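*Asks:* Can you look at this prediction? I've put the sequence above it.
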Amino acid sequence: MAVAKNTSLSRKALVLHAFETQAAYVPDMRAELEPAGTDWISAQTFFSDDEAMDEFLAFEQSRYARTDLKTAGAFLMNDYAYIFAATTVPLFVGFGLVPELSPASVTLSFYTKKQLHHGKIYRSRRAHMRFDEAGIRHGRLDDPADGDLYRIGIENHFCLVVDRVHAKTKLSRAALWRLVGDAIAQLFLDAGLRFDAVEAAKAAAMRILKTPGSPLANRELHYFDVTQCDRQGKAIRETFRQRGGCCRFYLVEGGTCCSTCVLKSPQDRNEELQLAMRQNLSFG
């Protein structure tokens, strides 16, 4: 049963439990409540700082050979949107909580870690996020009004980020917003699995990310299922998120298109995913 259905907790205890659960779920990108220390910076201050932005973009360009400035902008947005989604989506999916998300209200502690990607070790930019407990709203995953509240928070937070990355790299605002939507959609799917609320999470994500007039809305983004039989002939179905945007990884040296890249045909995409599923099912 999803933790959000536990009504025996007080509001204060629910918030503490939600943040503890998120931190255990995604320890690399923790949502925190404690007052920020000297190594923390508000999102407003960070993304308004030319030096901080230039350093972030230079970091992204250093990760792969032949990374142009637009691609660095896509990587930056991909990384930061994932940080944001990993800290906020589990709070909403699992517990119905929506923090105050304005850039001035969210503080960040950035760090760099190494991770495996396409068989090689690369550095990635990660961060923990801190929120003001007094600004947290209590709601429900299946309430469209609460979904709207979360969507508006996303839009308010990323307006500054999108404008600044666009100004620095000239990558279009629409392309940047699509990367935000992709990250949010993926974490809704992941958190839905985590909290035993997959269908509710998918439905909420599509309401939030398909709102007419929202910069998050794009027609390509959706969920889809792929089926593969195991050795006993049992059909195994898995749900995936179809990207609405492109991270431009295929443009760097040694880069490829992601498994659910918007540039792939559905047939090629599904064949690649079925192959991966067969490998995971030990077909070799």
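*Replies:* Here it is on my side, so go on.
*Asks:* Neighbours of the residue nearest to D230 when sequence neighbours are not counted, how many?
*Replies:* Of all residues not flanking D230 in the chain, L281 sits nearest, at 5.0 Å (Cβ to Cβ, 6 or more residues apart in numbering). All C-beta spots, glycine's among them, are computed from the backbone N, C-alpha and C. Other residues within reach of L281, judged by other Cβ atoms under 10 Å, total 14.
*Asks:* ditto for T211
*Replies:* The burial count for T211: 17, using other Cβ under 10 Å.
*Asks:* per-residue pLDDT, it?
*Replies:* pLDDT, T211: 97.
*Asks:* how much space between the residue nearest to D230 and D225?
*Replies:* 16 Å (Cβ to Cβ, to the nearest Å).
*Asks:* which stretches of the stretch 101-250 of the chain aren't confidently modelled?
*Replies:* Applying pLDDT under 70 to the stretch 101-250 of the chain flags residues 117-118.
*Asks:* And the helices in it, which stretches?
*Replies:* For the stretch 101-250 of the chain, the helices defined by DSSP state H, counting those that start in this stretch cover 144-169, 173-194, 198-209.
*Asks:* Please work out which of the ones you listed is packed deepest.
*Replies:* Highest mean neighbour count among the helices of the stretch 101-250 of the chain (mean count of other Cβ atoms under 10 Å): helix 173-194, with a mean of 23.
*Asks:* same for that one, what does it pack against?
*Replies:* Packing contacts for helix 173-194, counted by 3 or more Cβ pairs under 8 Å, 6 or more residues apart in numbering; DSSP states H and E, involve helix 69-95, helix 144-169, helix 198-209, strand 235-242.
*Asks:* which outside residues touch the following helix or strand past the first one?
*Replies:* Tracing the chain past helix 69-95, the next element assigned as helix or strand by DSSP states H and E is strand 97-98. For strand 97-98, the surrounding residues in contact (Cβ atoms under 8 Å, 6 or more residues apart in numbering) are 14-15, 18, 88, 91-92, 136-139, 146, 149-150, 153.
*Asks:* related to what we said a few turns ago, show me the contacts for the residue nearest to D230.
*Replies:* L281 touches 228, 230-231, 236, counting by Cβ under 8 Å, 6+ apart.
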